[in-house]
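Trainee: coordinates only, sequence not included:
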């Protein structure tokens, strides 16, 4: 497949949008995070099943609000960003200390450090229309004392 200058610019724009998401996540700025998405887009936590569980504007917002509330020092390091068609795949380390119960995990004040894969799918206007997030949930739970 021949790559055009337009394809390269689109990839750079989409990679930049993905990095902007992680910057906003570091700053715990939900509104800035959400501005990068189509609120009607699909939100998928891959360890929970084979299909998206809701919309970015509803479930995504509530999920990230809950994460930030339970892990107020949440931070991330982006290790790799790859373009693949209409998708940007980000390998990211997330880490933080739990200070409140979260998603059925009782707060024990423990720290986690977990590799995640974020797959952002974009439309032709370079807006994120889907996000799928994968991680080793058993390891995440173990680190938090489950």
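Mentor: Done, it's in. Everything numeric in this text was worked out from a predicted model, so none of it was measured. Residues are numbered from 1 along each chain as shown.
Trainee: Contacts only, for the residue nearest to the spatial centre of the chain.
Mentor: In the chain, the C-alpha nearest the mean C-alpha coordinate belongs to residue 118, at 5.1 Å (CA atoms, centre = their mean). Contact analysis of residue 118 by CB atoms under 8 Å, 6 or more residues apart in numbering lists 18, 21, 89, 90, 92, 131, 132, 133. In this view, the C-beta of every residue, glycine as well, is placed from N, C-alpha and C.
Trainee: same check, this time on residue 98
Mentor: 70, 71, 105, 107, 108, 109, 110, 111, 112, 144.
Trainee: coming back round to it: which of the contacts of residue 118 fall in strands?
Mentor: Secondary structure assignment by DSSP state E places 89, 90, 92, 131, 132, 133 of those in strands.
Trainee: Farthest pair within those?
Mentor: Greatest spatial distance in the ones in strands among the contacts of residue 118: 92 and 132, 13.0 Å, computed using CB to CB.
Trainee: if you count what's nearby, which of these two comes out ahead?
Mentor: residue 92 (21 against 17; other CB atoms under 10 Å).
Trainee: The nearest residue to residue 74 once chain neighbours are set aside and residue 49, how far apart?
Mentor: Of all residues not flanking residue 74 in the chain, residue 96 sits nearest, at 3.9 Å (CB to CB, 6 or more residues apart in numbering). As defined by CB to CB, to the nearest Å, residue 96 lies at a distance of 24 Å from residue 49.
Trainee: Residue 145 now?
Mentor: From residue 145 over to residue 49 the distance is 25 Å, taken as CB to CB.
Trainee: what about the two, which has more around it?
Mentor: Per other CB under 10 Å, whichever of residue 145 and residue 49 has more neighbours is residue 145, with 13 against 9.
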